[in-house]
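*Asks:* Attaching a predicted model along with its sequence, questions to come.
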Amino acid sequence: MTDDQKYRAAEAAMAEVTSGMRLGLGTGSTAKHFVDIVGRAVQNGLDVICIPTSEVTAAQARGLGIPLTDLETTPELDLTVDGADELGPGLALIKGGGGALLREKIVAAASKRMIVIADQSKRVEVLGRYPLPIEVNHFGLGATTAAIGAVMADFNAEGELRRRLKADGTPFVTDGGHAILDAFFGRIPQPEALAKALVDIPGVVEHGLFIGLCQRAYVAGPAGVDVLDG
Ligand code: 5RP
């Protein structure tokens with residue numbers, strides 16, 4: 001059911017894609033549907049050039065014959081379509097559940113527009129129930145972890161800070177070669193202030209709060225797809 005909603009959100013966003021566009025391709029199970037749909041359209045003659053936000057998405061896109069470029073050759077994109085872990089007021093997002101937040105944020109910021117596609121379970125009144133992914137450099141990991149812990153205390157976090165592990169118990173490493181710490185806030189009523197506090201910590205490469213980056217969301221539920229504009 002949820003996967004069907006993810007597909008329908010992806011299909012709705014496809015209506016915004018036209019030939020000639022430079023497209024950012026997101027990461028995750030919802031974005032995967034979108035990439036499949038773009039792939040079919042390319043096979044039927046759609047002329048787009050794309051930048052993937054992860055190695056996983058790049059492999060999928062290559063397999064479908066989607067033409068790829070990079071931000072050196074194509075520093076500005078027309079549109080990025082990506083999933084989200086939480087979608088809050090003002091289309092503020094938590095992203096990075098798949099560990100791709102750094103490339104996702106760089107690609108979204110290089111795009112004239114970002115559209116989120118999601119099933120309705122992602123909508124929240126207050127961000128923070130989903131653990132906030134924070135990408136950190138391996139150098140100084142202990143000191144960076146302590147500094148993030150202090151920020152969590154300042155922002156009344158309800159839970160702990162955990163290093164992300166893979167299913168086999170070994171540390172998760174991002175496409176950029178960094179670690180991920182998952183911060184269990186419970187509630188983030190002031191995402192802008194938290195975002196600023198996190199980027200001020202040396203060793204924090206990026207965090208999963210996407211604020212002011214997303215202009216539209218297609219959110220699918222049992223009754224259809226809602227369009228939310230920021
Ligand atoms: C990956 C992401 C994903 O977009 C986010 O985790 C949502 O994934 P899914 O569509 O599988 O629920 O941010 O880093």
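*Replies:* Alright, I've got the coordinates.
*Asks:* State the distance from the residue most central in space within the chain to the ligand.
*Replies:* Residue closest to the mean C-alpha point of the chain, counted by C-alpha atoms, centre = their mean, is Lys95 at 4.0 Å. Distance of Lys95 to the ligand, given as C-beta to the nearest ligand atom, to the nearest Å: 4 Å. Glycine gets a C-beta too; all of them are placed from N, C-alpha and C.
*Asks:* What parts of this structure come near the ligand?
*Replies:* For the chain, the residues in contact with the ligand (C-beta under 6 Å from any ligand atom) are 26-31, 82-85, 95-101, 104.
*Asks:* now those residues: which count as buried?
*Replies:* Buried members of the residues of the chain next to the ligand, counted by 16 or more other C-beta atoms under 10 Å: 26-28, 30-31, 82-85, 95-101, 104.
*Asks:* Mind checking which of those land in strands?
*Replies:* With strands taken from DSSP state E, the overlap with these comprises Asp82.
*Asks:* From the buried ones among the residues of the chain next to the ligand, which land in helices?
*Replies:* Judged by DSSP state H, helices contain the following of those: 30-31, 101, 104.
*Asks:* quick check, nearest of those residues to the ligand?
*Replies:* Thr30 (3.3 Å; C-beta to the nearest ligand atom).
*Asks:* Now that closest one. Nearest residue, chain neighbours left out?
*Replies:* Closest residue in space to Thr30, ignoring its immediate chain neighbours: Gly83 at 3.6 Å, by C-beta to C-beta, 6 or more residues apart in numbering.
*Asks:* Dihedrals phi and psi, that neighbour?
*Replies:* With angles defined as degrees, to the nearest 10, Gly83 sits at phi -90, psi -170.
*Asks:* That one: what's it in contact with?
*Replies:* Contact partners of Gly83, counting by C-beta atoms under 8 Å, 6 or more residues apart in numbering, are 6, 26-31, 95, 116-118, 122.
*Asks:* ok so, going back, I'd guessed the residue nearest to the centre of the chain sits against Asp85; true?
*Replies:* Yes: at 5.9 Å, Lys95 counts as touching Asp85 under the criterion of C-beta atoms under 8 Å.
*Asks:* now the strands for the protein?
*Replies:* 22-25, 49-52, 77-82, 86-87, 93-94, 111-119, 132-136, 161-163, 179-183, 204-207, 209-210, 216-221, 224-229.
*Asks:* Can you redo those strands as TSV, where the extra columns are distance to Ala58 and mean pLDDT?
*Replies:* Below are the strands of the chain laid out as TSV (distance: least, C-beta to C-beta, whole Å; pLDDT from 0 to 100):
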stretch	distance to Ala58	mean pLDDT
strand 22-25	8	98
strand 49-52	4	98
strand 77-82	14	98
strand 86-87	25	98
strand 93-94	22	98
strand 111-119	17	98
strand 132-136	18	98
strand 161-163	26	98
strand 179-183	19	98
strand 204-207	19	98
strand 209-210	21	98
strand 216-221	23	98
strand 224-229	27	98
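*Asks:* Need those strands in TSV (columns: distance to Gly149).
*Replies:* Output for the strands of the chain, formatted as TSV (distance: least, C-beta to C-beta, whole Å):
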stretch	distance to Gly149
strand 22-25	33
strand 49-52	33
strand 77-82	29
strand 86-87	22
strand 93-94	19
strand 111-119	30
strand 132-136	11
strand 161-163	6
strand 179-183	9
strand 204-207	12
strand 209-210	17
strand 216-221	32
strand 224-229	34
